[in-house]
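Visitor: Got a sequence here, can you build the structure:
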Amino acid sequence: MAVSSNTGQRRARGPNDPGRRDRIAEAAIRIVAERGVPGLTHRAVAAAADVPVGSTTYHFATLDDLLSVALHEASQRNIAQIREWADDLAPDADFAAELAALVRLQLDSRHSATTAAYDLYVAALHYPSLRSASAAWDEALAEIFGSRTDPEMGRILAPLFAGLVLQASLADPSPSRRQLEAWIRRAMGGSPAP
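Guide: Numbering: from 1, shown residues only. Predicted structure coming up:
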């Protein structure tokens, strides 16, 4: 049995540790959030997951495999969060205002997860094996936003949302919720709120 340096509790190895693969995947996402894609190594992930390096290479033989699982996991989490957000909206909610609030949420309380997801999403430009997860994210956004507007508007709002989150992450100062709402209203064919 291995002793976790983080908790002092014993962790089972091998078949008695069925959560190991998931911990490794979670650690890969954390490493990308903290260090970016270039910082993703089997050693770094093993240390973050508190497992031997051999475990990371057993479950994910290559760095491409680690990148792929990290992107798929991050994408699925983000999709689930946005579906939950959409499900919680009142039927008569002001969608432009709510979408602006969602952009701010990605920048504020979900910043670390957003950074990891975007790093991994952009990595798909260089790693063709990641493109299916990136496409699934795009499709899910279009479907979720389209369910609140219409399918065509959903296809417009999905890249707008992704672009606003990315641009606002880099901007100094970052746009306010009110500014974001005005831009979203304009994209939706309306005039900005007064």
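
Visitor: And Leu102, which helix or strand is it part of?
Guide: Leu102 is located in helix 95-107, with elements delineated by DSSP states H and E.

Visitor: Which residue, other than its chain neighbours, is closest to the residue most central in space within the chain?
Guide: Geometric centre of the chain, nearest residue: Ala117, 3.3 Å, by CA atoms, centre = their mean. Nearest non-adjacent residue to Ala117, counting by CB to CB, 6 or more residues apart in numbering: Ala74, 4.5 Å away. Backbone N, C-alpha and C define where each C-beta goes, glycine included.

Visitor: tell me what the helix or strand harbouring the one you found is packed against?
Guide: Secondary-structure assignment from DSSP H and E places Ala74 in helix 63-88. Helices and strands touching helix 63-88, by 3 or more CB pairs under 8 Å, 6 or more residues apart in numbering; DSSP states H and E, are helix 20-35, helix 42-49, helix 95-107, helix 111-123, helix 131-148.

Visitor: quick one: average confidence on the fourth one?
Guide: Okay, so that is helix 111-123. For helix 111-123, mean pLDDT rounds to 81.

Visitor: List the residues that contact Ala116.
Guide: Ile29, Arg30, Val32, Ala33, Ala70, Ala74 (CB atoms under 8 Å, 6 or more residues apart in numbering).

Visitor: If you average pLDDT per helix and strand, which one of this structure comes out bottom?
Guide: Least confident helix or strand of the chain, by mean pLDDT, DSSP states H and E, is strand 2-3 with a mean of 40.

Visitor: returning to that earlier point: mean pLDDT for the helices and strands packed on helix 63-88: which is lowest?
Guide: Minimum mean pLDDT among the helices and strands packed on helix 63-88: helix 111-123, a mean of 81.

Visitor: Output it as CSV, restricted to C-alpha atoms.
Guide: The C-alpha trace of helix 111-123 is given here as CSV (Å, rounded to 0.1, in the frame of the first residue of the first chain):
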residue,chain,number,x,y,z
HIS,A,111,-11.3,30.8,-13.9
SER,A,112,-8.9,27.8,-13.3
ALA,A,113,-11.2,25.3,-15.0
THR,A,114,-11.8,27.7,-17.8
THR,A,115,-8.0,28.2,-18.3
ALA,A,116,-7.4,24.5,-18.5
ALA,A,117,-10.4,23.9,-20.9
TYR,A,118,-9.2,26.7,-23.2
ASP,A,119,-5.6,25.5,-23.2
LEU,A,120,-6.7,22.0,-24.1
TYR,A,121,-9.2,23.3,-26.7
VAL,A,122,-6.5,25.3,-28.5
ALA,A,123,-4.2,22.3,-28.3
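
Visitor: quick one: buried residues of that helix?
Guide: Ala113, Thr114, Thr115, Ala116, Ala117, Tyr118, Asp119, Leu120, Tyr121, Ala123 (16 or more other CB atoms under 10 Å).
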